[in-house]
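Engineer: structure for the following, please:
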Amino acid sequence: MRLEVVQVPVSNVDRAKSFYTEKLGFVLDHDVEHIPGMRVVQLTPPGSAASIVIGTGMTAMAPGSLEGLQLVVPALGTLREELVRRGADVSEIQDVGGVLFAHFADPDGNRWVLQESTRPEVRDAHIPST
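Structural biologist: Below you'll find the model as predicted:
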């Protein structure tokens, strides 16, 4: 089994889509309305095998109720600088027992964690520039 898609509850799909694509650099996979009232916007973080889905008519979760989604990155300092440059409000980097973390929230308050990889194969991966 492989986790491939996580629903993220938002109140304004266009605002969230803009945040994830423009400020975080997620790739827009598709934005479709399968049936009236059900809009599905799938976005993938650069280099990720898993995607998120935002939209309407898909979940009963309250907007902003999701927390703890974690993005593991090879160079947290470099990525944090890039995200802040793009206008994302990312916390300062914290060192927790030798592992580096930073945090941010989307416009609805869904809370995310950035973690610098401790695995060499991820640490050596290329971060796409924008």
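
Engineer: C-alpha from now on. contacts and neighbour counts both.
Structural biologist: Will do.

Engineer: count the neighbours of residue 13 for me.
Structural biologist: As a burial measure, the neighbour count of residue 13 was computed by other Cα atoms under 10 Å and equals 16.

Engineer: let me fix that: residue 73
Structural biologist: The local packing count at residue 73 equals 21, with neighbours defined by other Cα under 10 Å.

Engineer: ramachandran coordinates for the most far-flung residue of the chain relative to its centre?
Structural biologist: Farthest-out residue of the chain from its mean C-alpha position, per Cα atoms, centre = their mean: residue 36, at 26.7 Å. The phi and psi values for residue 36, taken as degrees, to the nearest 10, are phi -50, psi 130.

Engineer: what's the answer for residue 11, then?
Structural biologist: When quoted as degrees, to the nearest 10, the phi and psi of residue 11 stand at phi -90, psi -30.

Engineer: what is the lengthiest helix in the chain packed up against?
Structural biologist: Longest helix of the chain, by residue count under DSSP state H: helix 76-85. Secondary structure elements in contact with helix 76-85, counted by 3 or more Cα pairs under 8 Å, 6 or more residues apart in numbering; DSSP states H and E, are strand 99-105, strand 111-116.
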